[in-house]
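> Sequence below, structure please.
(chains A and B)
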Amino acid sequence: MARAVTTRRKTVNTALAWMVAVIIFFPILWIVVLSFKTEGDAIKAPLEVLSAPWTVESYAVVQERSDYIKHFSNSLILSLGSTFLGLLVAVPAAWSMAFVPSRRTKDILMWMLSTKMLPAVGVLYPIYLLFIELGLLDTRVGLVIVLMLINLPIIVWMLYTYFREIPGEILEAARMDGAGLRQEILYVLTPMAVPGIASTVLLNVILAWNEAFWTLILTAANAGPLTAFIASYSSPEGLFYAKLSAASTMAIAPILILGWFSQKQLVRGLTFGAVK
Amino acid sequence: MSITIRALLGACAVSALAIAASAETITIATVNNGDMIRMQGLTDDFTAKTGIDVEWVTLEENVLRQRVTTDITTKGGQFDIMTIGMYEAPIWGANGWLVALDDLSAEYDVEDILPAMRNGLSHDGTLYAAPFYGESSMVMYRTDLMEKAGLTMPEAPTWEFIREAAKAMTDRDHDINGICLRGKAGWGEGGAFITVLANSFGARWFDMDWRAQFDQPEWKEALTFFVGMMKESGPAGYATNGFNENLSLFQQGKCGMWIDATVAASFVTNPKESTVADKVGFALAPNHEGVDKRANWLWAWALAIPAGTKKEEAAKKFIEWATSKEYLALVASKEGWANVPPGTRKSLYENPEYAKIDFAQMTMKSILLADPQHCCVKPVPYVGIQFVAIPEFAGIATEVSQEFSAVYAGQQSVDEALAKAQALTTDAMEAAGY
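Numbers count the residues shown, from 1 in each chain, chains lettered A, B, ... in the order given. From the prediction side, this is the model:
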């Protein structure tokens, strides 16, 4: 009897989970559907849209008008570059906070997180002026630095959470065996924290990939990533839903595929340390 | 040095110069409108003529505004040309942010640009942006539904006729709304529409002492009329409909009438995009009975050069190419006269080929009727029809239009919205020192 109830509950839960998943995924699915329709068909009622003939016309136009490869490589460089640079700063920072905390460690962590609460536009002018001064406008280097700074609090927080799960005694043992600080972090701590670092990398690559304020404001013709590629298909006077959808599909496809294959690590990363 | 070596060195110098000349690249920020996309596709013609390469940065309208304002005020120098509107051109020109276009070549024939466009893009008589395409607003209606309703659209209808016709054309069972109009918040969306409607009811934004006028009876009459008509014959949820939403509804055959930008005429009559392409008629924007002012605006998407660009000469060459008579002929030769950017040059409307296009004459009449120097029946201290050409306007009008959209959504009454609009406009204008 108890087993029957469990099965029913399981079925209900599974059905509910699928429903939520479908609701969340539906807008993306609809974008993909619209991208394979003509502009004329894309504005029709949903059922008529589905029955309209499928075409790759919009993809051909987008391919012809925009340099997808350039935008894609910019996205790749920005997201990987900013995450790698972030790790270089965050691993030592998280190590010190996790293993040699001071009285102010908690405050520093909270302060770092609080910078995420500042509206980006509030620092637009100072950053823009700095970029002009340093000649960084519309350069990938400039954007890598900005994206790294934006995501740094999250990287530090995530790594700090993972590092705290690692027994300090292991590091102590390494020290007693004569390991220096660099060796301790590189050869003892990092290998043990690989799953945590992998989740942090994944999440930050996604965050940097999707960033759509600074990547639009600080770029022009050279360093624009896929967010700029999508934005160029939005129109105040004219309906280009099919082309906009094709551009969006092309922009989100790589990250969607990455997310699909790494969902286990992502879920683990996001829930790690959540239940004690 | 032998002759051969000299010749070789000379050839090297010439080719180096040629490479330097062809290496010049200008960057243009623009919006993703159909005419701009077409221009991007034809840029090779410009490069072939001048050796100047062009790089495009296409952005969403609001992002573009934020982007170019940031760049221009910080002298970032990211763009050599930017696409701006009639609202920004005189204000930015007055601020010294734009290069004056007062030395365009004789062949360019600046006198051929329609005076309304030239004046709207000038400050103190100096042109700061060249119009790429211009627009007014007009009535687009379904000839079949009008006939079915037993009515005939006059060339110059009144609001009262439009309301009656809308009621007669409405067929909710078949998903047909008599009239589709903008209700979306935003100074350039629903804000622009309700302003021209109010103008045609005798209202104005400010009196000669810059006092807000929302407490005057004309505004109440205009807003009450609009809300009443939309309730009777408008689509559900019109409070969030802007240009694109209404375009979509009209193209799907769900609107009897649509009053909006003249540039929409080429979209709704394009059989590739519109299901009602062969059933569309055009008329002038309406006026309120007894008021000698029609509800049509004037707008231009124009090309301007930000002060501080290092490529001013190349940028001017591009503007002369993109807004010239020759460019119009080039588009016509490639894509037909219906796709030529409208509303900028007198010569286009004197062209017999262009006159054959259904909506061409109505567009021209609408543009000629719009006078940014005299938007309203009563005297005003400002320039602009659907906007007031002062820097504070965009912020104020966006808030006012949000209040009005709340009326359209049934969240507050006309009186409440007008009282709030009056208060917030008065506060903002006082704070700005008017």
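
> neighbouring contacts of the helix or strand where A:Leu113 lies?
Using DSSP states H and E, A:Leu113 sits in helix A:105-114. If you take Cβ atoms under 8 Å, 6 or more residues apart in numbering or on different chains as the criterion, helix A:105-114 is touched by A:97, A:152-153, A:156-157, A:160. Any C-beta I mention is one placed from the backbone N, CA and C, and that applies to glycine too.

> Likewise for stretch A:94-101?
Under the contact criterion Cβ under 8 Å, 6+ apart, stretch A:94-101 has outside partners A:105, A:108-109, A:156, A:159-160, A:162-164, A:166, A:168, A:171, A:185, A:189.

> Now do the same for A:Ala4: its pLDDT.
Predicted confidence (pLDDT) for A:Ala4: 59.

> How much space separates the residue most central in space within chain A from A:Ser35?
Residue closest to the average C-alpha location in chain A (Cα atoms, centre = their mean): A:Ile206, at 1.7 Å. Taking Cβ to Cβ, to the nearest Å as the measure, A:Ile206 falls 21 Å from A:Ser35.

> before we move on, the earlier item: would you mind checking the contacts of stretch A:94-101 for buried ones?
The neighbour-count criterion (16 or more other Cβ atoms under 10 Å in any protein chain shown) marks A:109, A:156, A:159-160, A:162-163, A:166, A:171, A:185, A:189 among these as buried.

> Which segments of chain B make up each domain?
Taking automatic domain parsing as the criterion, chain B consists of the domains B:23-134+B:299-355, B:136-297+B:373-431.

> Just the element for the residue nearest to the centre of chain A, please.
Using DSSP H and E, A:Ile206 sits within helix A:194-210.

> Run through who's touching whichever helix or strand comes after that helix.
Where DSSP H and E defines the elements, the next helix or strand beyond helix A:194-210 is helix A:214-217. Under the criterion Cβ under 8 Å, 6+ apart, residues A:78, A:120, A:124, A:127-128, A:143, A:146-147, A:150, A:224-225, A:227-228, A:231, B:59, B:63, B:66-67, B:70 lie in contact with helix A:214-217.

> give me the number of residues near the nearest residue to B:Glu24 once chain neighbours are set aside?
Excluding its sequence neighbours, the residue lying closest to B:Glu24 (Cβ to Cβ, 6 or more residues apart in numbering or on different chains) is B:Ile52, at 5.1 Å. Close neighbours of B:Ile52, defined as other Cβ atoms under 10 Å in any protein chain shown, add up to 22.

> quick one, what contacts B:Ile52?
Neighbouring residues of B:Ile52 by Cβ under 8 Å, 6+ apart: B:22, B:24-26, B:46, B:314, B:317-318.

> Repeat that for B:Asn241.
B:Asn241 makes contacts with B:180-184, B:235, B:249, as judged by Cβ under 8 Å, 6+ apart.

> Between the residues you listed, which sits nearest B:Met257?
In terms of Cβ to Cβ, no member of the contacts of B:Asn241 lies closer to B:Met257 than B:Cys180, at 7.3 Å.

> Just give the nearest non-adjacent residue to that closest one, would you?
B:Cys255 (3.9 Å).

> for that neighbour, what are its contacts?
Counting by Cβ under 8 Å, 6+ apart, B:Cys255 makes contact with B:142, B:176-180, B:235, B:246, B:249.

> got it, and B:Met36?
With contact taken as Cβ under 8 Å, 6+ apart, B:Met36 is in contact with B:30, B:58, B:83, B:132, B:301.

> Which ones among those lie within strands?
Taking DSSP state E as the definition of strands, the contacts of B:Met36 contribute B:30, B:58, B:83, B:132, B:301.

> Now tell me which of those the prediction trusts least.
B:Thr58 (89).

> ok, that one touching B:Thr30?
Yes - at 5.6 Å, B:Thr58 counts as touching B:Thr30 under the criterion of Cβ atoms under 8 Å.

> helices or strands next to the helix or strand where B:Lys49 lies in the packing?
Counting by DSSP H and E, the element that carries B:Lys49 is helix B:43-50. For helix B:43-50, the packing partners by 3 or more Cβ pairs under 8 Å, 6 or more residues apart in numbering or on different chains; DSSP states H and E come out as strand B:53-59, helix B:312-322.

> The ones you listed: which one's closest to chain A?
When the helices and strands packed on helix B:43-50 are compared by Cβ to the nearest Cβ, strand B:53-59 sits nearest chain A, at 3.6 Å.

> List the neighbours of that closest one that are in contact with it.
The contact list for strand B:53-59 (Cβ under 8 Å, 6+ apart) reads A:216, A:219-221, A:224, A:228, A:231-233, B:22-32, B:36, B:40, B:43, B:46-47, B:67, B:79, B:318.

> And the buried ones among these, selectable in PyMOL?
Buried residues among the contacts of strand B:53-59 (16+ other Cβ under 10 Å), as a PyMOL selection:
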select buried, (chain A and resi 216+219+220+221+224+228+231+232+233) or (chain B and resi 26+27+28+29+30+31+32+36+43+46+67+79+318)
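
> So which of the contacts of strand B:53-59 sit within strands?
Among the contacts of strand B:53-59, the members found in strands (DSSP E) are B:25-31.

> Now the residue of the stretch 201-350 of chain B at minimum distance from chain A: which helix or strand?
Closest contact between the stretch 201-350 of chain B and chain A, by Cβ to the nearest Cβ, is at B:Ser248 (4.4 Å). Using DSSP H and E, B:Ser248 maps to helix B:243-251.

> Now that helix: average pLDDT?
The average pLDDT within helix B:243-251 is 93.

> Burial check on the closest residue to A:Glu57 other than its chain neighbours, number of neighbours?
Once flanking residues are discounted, A:Glu57 sits nearest to A:Thr38: 6.0 Å by Cβ to Cβ, 6+ apart. Per other Cβ under 10 Å, the neighbour tally for A:Thr38 reads 16.

> Sounds good, over and out.
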